[in-house]
Every structure is written in structure tokens, then in C-alpha cells.
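Peer 1: Okay, sequence plus prediction incoming.
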Amino acid sequence: MNFSSKLLEQAVAEFGRLPGVGQKTALRLVLHLLKQPQADVERFTTALDRLKREIRYCVTCYNISDNAICEICASHKRDKGLVCVVEDTRDVMAIENTNQYHGVYHVLGGLISPMDGVGPSDLQIDSLIRRIEAGGVQEVILALSATMEGDTTIFYLYKKLKDFGVQISTIARGIAFGGELEYVDEVTLGRSIATRVPYERNIA
Ligand SMILES: [Zn+2]
């Protein structure tokens, strides 16, 4: 693309770095922003700037939070003995949308993926183990996607957690849905959590 302005080119290049945004879309978005009132554009950039500077991760579950302890962990209505392990905050949002889960979460921040250079130490796995060692957890639900990375991570976590005397369950995967939790409809996701099965049964 030949740009008439360096500023325009830079802005398009930044938008083009976003996932799923090609050069044409980036240009369309930038030209749209350029037409907006100054105050609107400033609100947009301030939101992004504050997001990156001020966002925090819950010290207990590592979900994205505005406070040191997220609203879910802080709630007295949640069962702290039931911990649902998920890949990222999108899964927390998907499960919360079912309105059927009353436990708490542990957000790994990714899945084990040797191909991408992601190992256990890159994820919130040690913190999960410490959380279980601290006591009070009766059951851990491994709600990870039905992918090779999801399976690898589940097996790794099972090996790490099996001797702590907690129930380890997985949700029904791969039949009603074939991908990431965020794309599963709420009824199916709610049902699969309610009908979770002990992990040992799966590997027998
Ligand atoms: Zn939390």
C-alpha cells in the first residue's frame, strides 16, 4: 500500500498488527477514527492506555480484575472448595454466562504447548498447586479446550494434583462442541459442567 502520509501509514500498521485485521480493514478503521470528533478519539485511546496500565490480575485466581481480589473470589456466595481451571478470562466469562456455576476459578493464562515454546512454568500452575496445598479445595474441574494442548495440559495437571486428595474432574468435551469454551452455547456448557466426570474414568 502506498500511503500519502507517514502518520496514516503508522496508524494502519498498528491496527494491522491486531489478530484478524488485514491491511484493508486497518485502513478503514483508521479513516473512520480520523473522521470522529477529537474527544471520541481521546476516549478511545485513554481506554486502551488505562486498560494496559491499570489492569490487575486477581492474586488468588489470576483472572483479569480491577482489584487485587476479583469479585468472584471476594463473593461469599461462591463455593471456595470448588475450583474450575480454565485457559483464560474468556472461559471465565463463558462459564459465568451459564449462571449455573457457583464455585471459583483458576486462570492458567494459556495451555502447555511445546510447539509454541509454552511450558508449565509460563502458566499459573505452581500457584494452582500452592492453592491446593493450602487446603480447603475439595474438587478441581479441568475445563480446558478439546485440543492437543488442552489434553497435554490436563494430563500434566492430573499428574501434579492427583496425590493431594482432591477430586479431579473434566467436563464432557469433543462431542457437543469441538473447540474453545467461548464458542460453546450456554446451555451445552452449563450441562457439561453439571455432568462433569472424574478424570480417572477418562484415562482408564
Ligand atoms: Zn479471583
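Peer 2: Arrived safely, thanks for sending. Residues are numbered from 1 along each chain as shown.
Peer 1: what comes into contact with the top strand by length along the chain?
Peer 2: Under DSSP state E, the strand in the chain containing the largest number of residues is strand 79-86. Defining contact as C-beta atoms under 8 Å, 6 or more residues apart in numbering, one finds that strand 79-86 is touched by 73, 92, 95, 101-108, 128, 131-132, 136-144, 157, 181, 193. To be clear about C-beta, it is placed using only N, CA and C from the backbone, and glycine gets the same treatment.
Peer 1: how's the chain carved up into domains?
Peer 2: Listed domain ranges for the chain are 6-54, 77-203 (source: automatic domain parsing).
Peer 1: Report the central residue of the chain.
Peer 2: Centroid-nearest residue in the chain, with C-alpha atoms, centre = their mean: Asp88, separated by 1.0 Å.
Peer 1: The longest strand of the chain vs the ion: in contact?
Peer 2: No. Strand 79-86 lies out of reach of the ion by C-beta under 5 Å from the ion, never closer than 10.4 Å.
Peer 1: That strand pairs with which strands, parallel or anti?
Peer 2: Strand 79-86 pairs in its sheet with strand 103-107 (parallel), strand 139-142 (parallel), by DSSP bridges.
Peer 1: List the buried residues of it.
Peer 2: Within strand 79-86, the residues that count as buried by 16 or more other C-beta atoms under 10 Å are 82-86.
Peer 1: need these in a markdown table with pLDDT and distance to Pro37, can you?
Peer 2: As requested, those are exported to a markdown table (pLDDT from 0 to 100; distance: C-beta to C-beta, whole Å):
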| residue | pLDDT | distance to Pro37 |
| --- | --- | --- |
| Leu82 | 97 | 48 |
| Val83 | 97 | 47 |
| Cys84 | 96 | 43 |
| Val85 | 96 | 45 |
| Val86 | 94 | 40 |
